[in-house]
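Chemist: structure for the following, please:
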Amino acid sequence: MIDSENTNEKEKEIERNPKYLSFHVPWLDSSHQQTCLPDSPWQKILDDLEPTLANRVRQQFNNPQRRQMLIELLGTQFQGKFFKTEPDNPSILNSPNMTEEERRKLENEAKSWLQIQTLKVATEIGAAMKENDQMGHVSDDMTKFLEYTNQIVWKALERYLYQYQQKELQKQEEQKVQEMNKYKHQNALAGGSKLRSILRDSRMHSRKLPIIRESSTSHPMTSQYSDLISNSIITLLKQDLRRITFIKEKLFGQQLPMALRQISWTECLFRFEKKPFESDLNFVELKTRRDFASGITRGKNELKLSNPLNTPIKNLIENDVIETYSKTRALQSYLEEYHLRFTIKILNVLYTYKKSYEPYFIHWLLPFQLTYFDEANKDEEIYVIAMHLDLFIRHCFPKWSNVFTIANKIISTMSINDSEFYYHLKKISKINAKVNPKDFPMEILSLDEKQTSKKNIYEHELITDPVIFLRKWICEMFVGILHSNSVLYLWDQFFMIKWEMIYIEYACRAIIYLLRDNFMCAENYEEMRKIFLDEPFQLYTSDIQTAFVHLALKQDDPKYIPAMNQRARSMKLLNNIPILSNKQKLYLESIGIKDISLNLITLVTKDPRKDLQYKSIIVEIEAHGGGEKLGHISTKSIPIIQKREQLKPGWDKLIIEISNERLILSVKQARQSSIPIRIQALITIHQHIDVNTEQILGHCRFPLYIPQKIGNLDTWDVTFGPVQRALHSGQSPSSIDMISDIPKTFVSDKIGPGSTISLVIFDPKSEQY
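Modeler: Numbers count the residues shown, from 1 in each chain. Model (predicted):
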């Protein structure tokens, strides 16, 4: 029995003690403090882990310096508990007994050894949880701790977000009142309808201008809440940066919030830069910054400069920057004096360091300007961005031979798998071809890495070939082609997978197939050129994300991608034949769903209120196709439990049926496209805890309609019959294509591995399958 007075006193001591404020983020510190309380499940794990670890550490005490380093790393509390009688002499780790370099090497070795031994001990007592572990490898104490921690963290986060939301709502109300007062004041000053008519006319004229509705801010696809959460994740990562690999696996396919983008890009760049013996990326960053600063100083001396911003090619850089931003549609939203001057300064600093400059550096620079902007340290910002760009040039951008390989592979694959598209591009590329060699950098015009003669470079057949445009996309790494939001999305993915070439290929293939219908309408070289160079900018970032995930994560057929383009142009006649005449008359019939059965592996807790309430379960079924939701329906009747059995301590197997439901799902017609799309079902299992609270237990997907061709008619075939799928725990990702085939499981999940759903798809007209 725990003495409540002593417990309360210990709780207060923990809250006051700065050592428990390890994150300096209120809601995280609060969660951490609760897990450290005397009655927390963590204490039982600690009681088993610490003595065994202490015995293994004591075996390393033959070397006095190693002993001192291990004691310091373990901390005073561990020292007082297990090593009271051991000598404590911090001076042996400092000069003159040890150099700074020797100390750093000893510290890294000791940290690595401690991490390995801690993991070994944790594994022995069943407290080591890896992502792909099954439940049987974890002890009951660890299971309780993970469930306990999961509940604490979620509650603290929800409370934190709710408090933030209330503050934001209050601010919005105050702003509304201020705006109304300001409007009344302006109306009184205007004194009539004349000013209002002028404003109305100006708005009408502004609507005539071509506008891309996607915001031009640096991270519009993220919300205030995702930024708040990402800042908390950054705080956790600073405790152990190795966990960023886990974060990347979870977030691949999604656009990162600004804070996570910075740490993801930086970690990747410094991971490339580090030497084999360097494990501390903070040290690598410090060393890289020092080396870059030394390089700038060396460059100033060699070029005899007083200022690295005034290099011998300053005027050339200035002219290139102005020309590039002026003639490139995707960059014109940044055509402002401050941004141009800032760009010119960074490129001059980079030239001082590298003694090299290429016009396409202007394109590569923009994503770093959007990611590493620092209002508080503008002078340092120039050098930080230049340093990151240098790391990108040296480690990330593919060799020119690989650029050619990627582009050639896309065209070659197209010629085999989509000959109609391939031959159409080849045909129109030769019609009225008026080429401008200035459209393309010299590097992508050459057939070899080394420049050939001008006659070979500007050979007409090469410069009109569609492959040259794909080389340009890759050369500029999509910066002069796509909207900046889309560029940042793709760069997020490339940094998460360390710039593997195959993913650059997926990005090119996704974009060209999103524009397939547009290309099929083009009739000559000029129209093809305009689509390659101008129309990718109009694509929605969400459509690029859907298409990229479709190829990169699902390894699926690109023929489904054209239907994902929400900006698809209205189809015109091609050779006097309406491209979509058959699709315009297409009708998707309703389908039926019956005999729904759930096989759930559920966690049993000591509190019955936290156990699964099967009577409140609702099964929701949505139809998705081409990046949009085409219909949905949910169960209404109360589920019936058919069987309940214990699998092992703490886990039950429940067989739940909703056999009385006969759902009819009506699917609206999908977007028009010259190629039919695949239509999938997303199943989500909900549990209503109370009137205001709903919990998502799991989800899965399966094909609902499969495209088929009957003669010249593109249509769908419904997947009638029984369906059984494994359930993924928790909420589904933003794109249905991001749902993997095999569920990943965690101890803190509400439903465990082996949970499934089965149902029957039937034809409502015939009731047969």
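Chemist: quick check: phi and psi on the residue nearest to residue 719 when sequence neighbours are not counted?
Modeler: Leaving aside its sequence neighbours, residue 719 sits nearest to residue 703 (Cβ to Cβ, 6 or more residues apart in numbering; 5.5 Å). In this view, the C-beta of every residue, glycine as well, is placed from N, C-alpha and C. With angles defined as degrees, to the nearest 10, residue 703 sits at phi -70, psi 130.
Chemist: let me see the contact set for residue 703.
Modeler: Counting by Cβ atoms under 8 Å, 6 or more residues apart in numbering, residue 703 touches 678, 679, 680, 681, 719.
Chemist: and residue 62, how far from residue 70?
Modeler: 12 Å (Cβ to Cβ, to the nearest Å).
Chemist: which of these two has more neighbours?
Modeler: Set side by side, residue 62 and residue 70 show more neighbours around residue 70, with 23 against 7, by other Cβ atoms under 10 Å.
Chemist: work out for me the element the more buried one sits within.
Modeler: helix 64-74 (DSSP states H and E).
Chemist: what residues sit buried inside that helix?
Modeler: Residues of helix 64-74 classed as buried by neighbour count (16 or more other Cβ atoms under 10 Å): 65, 66, 67, 68, 69, 70, 71, 74.
Chemist: just how off-centre is the next helix-or-strand element following that helix within its chain?
Modeler: Reading on from helix 64-74 to the C-terminus, the next helix or strand found by DSSP H and E is helix 76-82. Relative to the centre of its chain, helix 76-82 is centred 42 Å away, using Cα atoms, centre = their mean, to the nearest Å.
Chemist: tell me what residue 759 is bridged to.
Modeler: residue 723 (DSSP bridges).
Chemist: residues near it, how many?
Modeler: With other Cβ under 10 Å as criterion, residue 759 counts 23.
Chemist: point out where the stretch 501-650 of the chain drops to low pLDDT.
Modeler: Within the stretch 501-650 of the chain, the ranges that satisfy pLDDT under 70 run 568-588, 606-610, 626-627.
Chemist: quick one: the helices in it?
Modeler: 501-514, 516-521, 525-533, 541-552, 581-584 (DSSP state H, counting those that start in this stretch).
Chemist: contact partners of the first one?
Modeler: Outside helix 501-514, the residues within contact range by Cβ under 8 Å, 6+ apart are 398, 402, 405-407, 409-410, 470, 473-474, 478, 481-482, 490, 493-494, 497, 519, 536, 539, 543-544, 547-548, 550-552, 558-559, 561-562, 564-565.
Chemist: got the buried residues for it?
Modeler: 501, 503-514.
Chemist: would TSV of those with distance to residue 764 be doable?
Modeler: Listed next are the buried residues of helix 501-514 as TSV, based on distance: Cβ to Cβ, whole Å:
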residue	distance to residue 764
501	49
503	43
504	46
505	43
506	39
507	42
508	43
509	39
510	37
511	40
512	40
513	35
514	35
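Chemist: quick one: mean pLDDT over stretch 487-500.
Modeler: Mean pLDDT, stretch 487-500: 96.
Chemist: which residues in the chain form strands?
Modeler: Under the criterion DSSP state E, strands of the chain are mapped to 573-574, 577-578, 591-603, 617-625, 628-634, 640-648, 651-665, 679-688, 694-710, 713-718, 721-726, 728-729, 756-762.
Chemist: helices or strands up against the third one?
Modeler: Think strand 591-603. strand 617-625, strand 651-665, strand 756-762 (3 or more Cβ pairs under 8 Å, 6 or more residues apart in numbering; DSSP states H and E).
Chemist: relative to residue 144, which of the ones you listed is closest?
Modeler: strand 651-665 (12.7 Å; Cβ to Cβ).
Chemist: any idea of the angle the closest one forms with strand 694-710?
Modeler: Relative orientation of strand 651-665 and strand 694-710, computed by axes from the mean of the first three to the mean of the last three Cα atoms, to 10 degrees: 50 degrees.
Chemist: distance of residue 82 from residue 690?
Modeler: Distance from residue 82 to residue 690, by Cβ to Cβ: 48 Å.
Chemist: more neighbours: these two, which one.
Modeler: Each of residue 82 and residue 690 has its neighbours counted (other Cβ under 10 Å); residue 82 has more, 18 against 8.
Chemist: and the pLDDT at that one?
Modeler: 93.
Chemist: can you pull the contacts of the residue lying closest to residue 468 once chain neighbours are set aside?
Modeler: Taking Cβ to Cβ, 6+ apart, and ignoring the residues beside it in sequence, residue 468 has residue 440 as its nearest neighbour in space, at 6.1 Å. Going by Cβ under 8 Å, 6+ apart, residue 440 touches 463, 468, 471, 472.
Chemist: possible to save the strands of the chain as a markdown table with distance to residue 738?
Modeler: Formatted as a markdown table, the strands of the chain follow (distance: least, Cβ to Cβ, whole Å):
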| stretch | distance to residue 738 |
| --- | --- |
| strand 573-574 | 34 |
| strand 577-578 | 35 |
| strand 591-603 | 23 |
| strand 617-625 | 12 |
| strand 628-634 | 15 |
| strand 640-648 | 29 |
| strand 651-665 | 22 |
| strand 679-688 | 11 |
| strand 694-710 | 10 |
| strand 713-718 | 23 |
| strand 721-726 | 16 |
| strand 728-729 | 11 |
| strand 756-762 | 19 |
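Chemist: which stretch among those comes nearest residue 227?
Modeler: Per Cβ to Cβ, nearest to residue 227 of those: strand 694-710, 23.1 Å.
Chemist: quick one: that closest one to chain centroid distance?
Modeler: 23 Å.
Chemist: the residue lying closest to residue 743 once chain neighbours are set aside: neighbour count?
Modeler: Excluding the flanking residues, the one nearest residue 743 by Cβ to Cβ, 6+ apart is residue 728, at 4.3 Å. Neighbour count of residue 728, defined by other Cβ under 10 Å: 22.
Chemist: next one: residue 602
Modeler: Neighbours around residue 602, by other Cβ under 10 Å: 21.
Chemist: contact partners for it?
Modeler: Taking Cβ under 8 Å, 6+ apart as the test, what residue 602 contacts is 611, 612, 651, 652, 653, 654, 750, 751, 752.
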